[in-house]
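Peer 1: could you look at this predicted model? Sequence included:
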Amino acid sequence: MQIIQILVIIISMFSTFSCTAYKNTVEVLESSKAQSIQEPQHEYSKAAKSNLIEAEKGDSKAMLELGNLYAYGRGVPRDYSEALKWYRLAADKGESGAMYSIGYLYQNGLGVQKDYIEAIKWYTQAAEREDAWAMNNLGYMYEKGQGVPVNYNEAVKWYKMAAGCGDAFAMNNLAKMYHDGKGVKRNYEYAYAWAALALERASSKAEKDKYYPLADHTRQELDSKGFQRAKQLKDELSKSIRVLSE
């Protein structure tokens, strides 16, 4: 009964907002450095030219795409400063993906001096527009004390919002908080439920490899009855999670 009551509260929270996450952003770029990019460069060159034409006409999505191409160095030389220019123009037109990407550049000091306060400002603007990646990164900054005092309660709040949007990164982060008892009472059943959901929703083998250890470890912390409750919890949570709009 207690689990069901808690689930009602969680599901109610998730249903109060919609979710977005612009997947083709600079954060994906950083993980691609060690990967072989198979797409031919001439296709990116054509994309850069066509997006430049549309961006100069005022198309905000083209501005965002052009920023990504400069950040990735696809079809154009990698240039974070040029990427930032186009992200700012897109952000001025309300593109949450651009706001998120600006925050990421400032958080990691790419093309700009590292500035956590500026990163939080841009992540917050994106999060206010229901950007799940921005929510997750705000949670991380509160957890680690980047630009703000460490605040586990605030970190959990943002992780829950992003996880409710279906973001696997946030689910794994939330699982860690439950496992370690940071910002929430330590609960291995919740830790397993969120870790298993992250593993289930991972979009690549690299992500699965990253999430598996926590899911496996929390599974071993549970007895048979606890594991059954955790699986039920995972199934119920899964029903409440929104699908990220691409």
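Peer 2: In hand now; what should we look at? Residues are numbered from 1 along each chain as shown.

Peer 1: in this structure Ala155 contacts Asn137, no?
Peer 2: No. Between Ala155 and Asn137 there is no contact under C-beta atoms under 8 Å: 10.7 Å. Every residue, glycine included, has its C-beta placed from N, CA and C.

Peer 1: those two - which one has more neighbours?
Peer 2: Each of Ala155 and Asn137 has its neighbours counted (other C-beta atoms under 10 Å); Asn137 has more, 28 against 25.

Peer 1: quick check: closest non-adjacent residue to the more buried one.
Peer 2: Distance criterion C-beta to C-beta, 6 or more residues apart in numbering; nearest residue to Asn137, sequence neighbours excluded, is Tyr123 at 5.4 Å.

Peer 1: just the element for the one you found, please.
Peer 2: Assessed by DSSP states H and E, Tyr123 sits inside helix 116-127.

Peer 1: which strands and helices sit next to the next helix or strand after that helix?
Peer 2: Downstream of helix 116-127, the next assigned helix or strand under DSSP H and E is helix 132-144. Under the contact criterion of 3 or more C-beta pairs under 8 Å, 6 or more residues apart in numbering; DSSP states H and E, helix 132-144 touches helix 96-108, helix 116-127, helix 152-164, helix 168-180.

Peer 1: I'd say Val241 and Gly166 touch.
Peer 2: If you look again at residue 241, you'll see it is Ile, not Val. Yes. Under the criterion of C-beta under 8 Å, Ile241 makes contact with Gly166 at 5.0 Å.

Peer 1: how many residues are close by the residue nearest to Asn137?
Peer 2: Around Tyr123 there are 29 residues (other C-beta under 10 Å).

Peer 1: I'd assumed Asn136 was in contact with it.
Peer 2: No. Assessed by C-beta under 8 Å, Tyr123 is found out of contact with Asn136, at 9.2 Å.
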